[in-house]
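Participant: Got a sequence here, can you build the structure:
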Amino acid sequence: MKKSNVFLAVVVLATFNFVLCTLNSLAQYTKLLDFNGVANGDFPVGSFISDGTYLYGMTKQGGTGNPNGPCGYAGCGVVYKIMPDGTGYAKLLDFDYFNGGRPYGSLYFDGTFLYGTTTSGGSLSATETGSGEIFKIKTDGTGFDTLHVFSLITDGIDSRCTLVSDGTYLYGTTRTGGTGSCIGGGCGVIYKIKKDGTEYTKLLDFAGISNGSHPCGSLYYDGTFLYGMTYDGGTNGDGTIFKIKTDGSNYVKLLDFSLNVTGRFPYASLISDGTYLYGTVCGSEYGSGIIFKIKPDGTGYSKLFESTPIAPYGTLITDGTYLYGTGSVIFKIKPDGTAYRKMFEYEPYSYEMSNDLFTDGTYIYGTTSGSYSMGTIFKLGFTAGDAQYTTTYDTLQNTFYLTIDSTTSALAVSYLWDFGDGTTSTLATPSHVYTVDSVFNVCLKIYLADGDSSSYCHLLGKDMYGNITRDAGFTINVHASGISSNLSDETNITVYPNPTNGVFHIAGDRNQLTGIEVYNMLGEKIYSRNDNLQKVTSDIDISYSPKGIYFIKINEGKVFHTKKILVN
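Facilitator: Numbers count the residues shown, from 1 in each chain. Now for the predicted structure:
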């Protein structure tokens, strides 16, 4: 076989420009459960709720309910419980479409019943089903009851929220429906309903420009006002933050999101520390995610952190010192915007941690759903060690460089490299020459003095045609004919909106965007375009594809950029 000059070295560089990426690991990472479909569910959603003994959650798919029905063999989802140590898993309910289908949110617990919503199904009569429902069920699986079935466009449909309560009423939102004029039928509503299923009342119809459209996440209740966000709509079409009283009066739009100023497209819920509201958006001028805070009167907006790799979809939680959240990574950050850290990151494309987190004060609990599994339940401790690295590539030498900084070196006690071609090394600064031109999954595991370990993997290499492959976060310095072209992270290539209904745009301000390919989670190509884009915005429609995560491969000359998008 031909010997390749693609060379991986761990060295200290002073002459190359680079982007610093921080990798952190939480102590005591433990996988509690693998979801497997029919038996225990598939595609976990939302967060956990606890009664002090069990954790309770839902899956969007899986379960045994009605495989010949509208949900098909993927299943309509389940309600389940599990002990914090991973034992005692039990299904409380298999949704079968007639009793609801495809939940999309978390459960609310009032001490006796668990309450939730589904996005489809629900019985109106023996022969008719609705467009989602509100339900309740006891923690032992008994006492299931459908409180309300969404059936009319004026009623609101597609309720994806976690319900909140003032003790008498439950409050929630629907993604669509209502009287507002939005594509797809209605802009969504805010509603309330008593716990016995009576007195369903719409508090507000979203209308688009005037007050937002398509509410996202769940409402936050401070005892007087309900606070929430819309995914889009508002003055700029980029979403809003709002508050409203529980009787439907005193609606106030606190903020119109704006792409170049505050970011856009919030996807999760707001939380509060009593002074500020905290939240995230998953789009901005540079295609990155933003963590922000704002006062309940709409003043004091502040951008706490912005970075392309975040892609934050989950609602933040707090331990009183840090805010924690999820997206492509689990991260933490102080409420003043300092001390941002990645806390955990899976191997590329293997899992998605876009659901909300839950903490019992000792561990953080969460779920994943990703490319190669039906999802997992995990828990992590709070103690984190830091591992920092930079990478560069020089085409004159055909060399990839990966640098571990002095902070990591001081923390680390041992290293384990897996070069992706069957060879490994335990050296802190190894070098490795591949025998073929190919793309390899290079993994580094760093063991820290306190017993923690940090792991990270990245695709890295060059194929037989000389095309360079790297994942976002890597910097490749390309020197051709003595001309230096620094390709930093993909801040000049934007994919939006993300999440999307299947129609999205790729905007690039470079001269050599020559092709776009879209792959599903099985690695199947579902879309391709090979014309020269040249600084234009490309409109792509994959709305014919199932909901889920897709990977976009963008060709810039001989360098390929990978973007990830969620179709919902």
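Participant: And stretch 156-168, what's buried?
Facilitator: Within stretch 156-168, the residues that qualify as buried are 156, 157, 158, 159, 160, 161, 162, 163, 164, 165, counting by 16 or more other C-beta atoms under 10 Å. Backbone N, C-alpha and C define where each C-beta goes, glycine included.
Participant: With stretch 269-283 instead?
Facilitator: 269, 270, 271, 272, 276, 277, 278, 279, 280, 281, 282, 283.
Participant: picking up where we left off before, what's the closest of the buried residues of stretch 156-168 to residue 297?
Facilitator: Within the buried residues of stretch 156-168, the smallest distance to residue 297 is 20.5 Å, found for residue 164 (C-beta to C-beta).
Participant: Spit out the contact partners of that closest one.
Facilitator: Residues in contact with residue 164, defined by C-beta atoms under 8 Å, 6 or more residues apart in numbering, are 108, 170, 171, 172, 218, 219, 220, 221, 226.
Participant: Could you count how many residues lie near residue 154?
Facilitator: 13 (other C-beta atoms under 10 Å).
Participant: related to what we said a few turns ago, of all pairs in the buried residues of stretch 269-283, which one is the farthest apart?
Facilitator: So, the buried residues of stretch 269-283 by C-beta to C-beta: farthest apart are 272 and 283, at 23.2 Å.
Participant: hmm, back to that, of the buried residues of stretch 269-283, which belong to strands?
Facilitator: Counted as lying in strands by DSSP state E, out of the buried residues of stretch 269-283, are 271, 272, 277, 278, 279, 280, 281, 282, 283.
Participant: With distance to residue 146 added, can I get those in TSV?
Facilitator: Output for these, formatted as TSV (distance: C-beta to C-beta, whole Å):
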residue	distance to residue 146
271	30
272	32
277	33
278	34
279	32
280	33
281	34
282	33
283	36
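Participant: just these now: which is nearest residue 68?
Facilitator: residue 282 (36.5 Å).
Participant: Please name the bridge partners of the nearest residue to residue 88 once chain neighbours are set aside.
Facilitator: Among residues not flanking residue 88 along the chain, residue 82 sits closest, at 6.1 Å (C-beta to C-beta, 6 or more residues apart in numbering). Beta-bridge partners of residue 82, counted by DSSP bridges, are residue 55.
Participant: again, but for residue 439
Facilitator: Beta-bridge partners, per DSSP bridges, of residue 439: residue 461.
Participant: measure it to residue 151 for me?
Facilitator: Per C-beta to C-beta, to the nearest Å, residue 439 is found 51 Å from residue 151.
Participant: same thing with residue 258?
Facilitator: Residue 258 is 36 Å from residue 151, by C-beta to C-beta.
Participant: ditto for residue 445
Facilitator: With distances taken as C-beta to C-beta, residue 445 is found 53 Å from residue 151.
Participant: so where's the stretch 351-500 of the chain uncertain?
Facilitator: Filtered on pLDDT under 70, the stretch 351-500 of the chain yields the residue ranges 351-354, 370-372, 382-412, 429, 434, 441, 448-494, 498-499.
Participant: repeat that with 50
Facilitator: 384-388, 471-491 (pLDDT under 50).
Participant: buried sites along stretch 428-445?
Facilitator: 430, 432, 434, 437, 439, 440, 441, 442, 443, 444, 445.
Participant: ends of it, how far apart?
Facilitator: 10 Å (C-alpha to C-alpha, to the nearest Å).
Participant: likewise stretch 303-316?
Facilitator: For stretch 303-316, the end-to-end distance is 15 Å (C-alpha to C-alpha).
Participant: still on that earlier bit, using a markdown table, lay out the buried residues of stretch 269-283 together with distance to residue 116 and pLDDT.
Facilitator: Formatted as a markdown table, the buried residues of stretch 269-283 follow (distance: C-beta to C-beta, whole Å; pLDDT from 0 to 100):
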| residue | distance to residue 116 | pLDDT |
| --- | --- | --- |
| 269 | 15 | 93 |
| 270 | 20 | 94 |
| 271 | 20 | 93 |
| 272 | 23 | 91 |
| 276 | 29 | 95 |
| 277 | 24 | 96 |
| 278 | 24 | 95 |
| 279 | 22 | 94 |
| 280 | 23 | 91 |
| 281 | 26 | 90 |
| 282 | 24 | 81 |
| 283 | 28 | 73 |
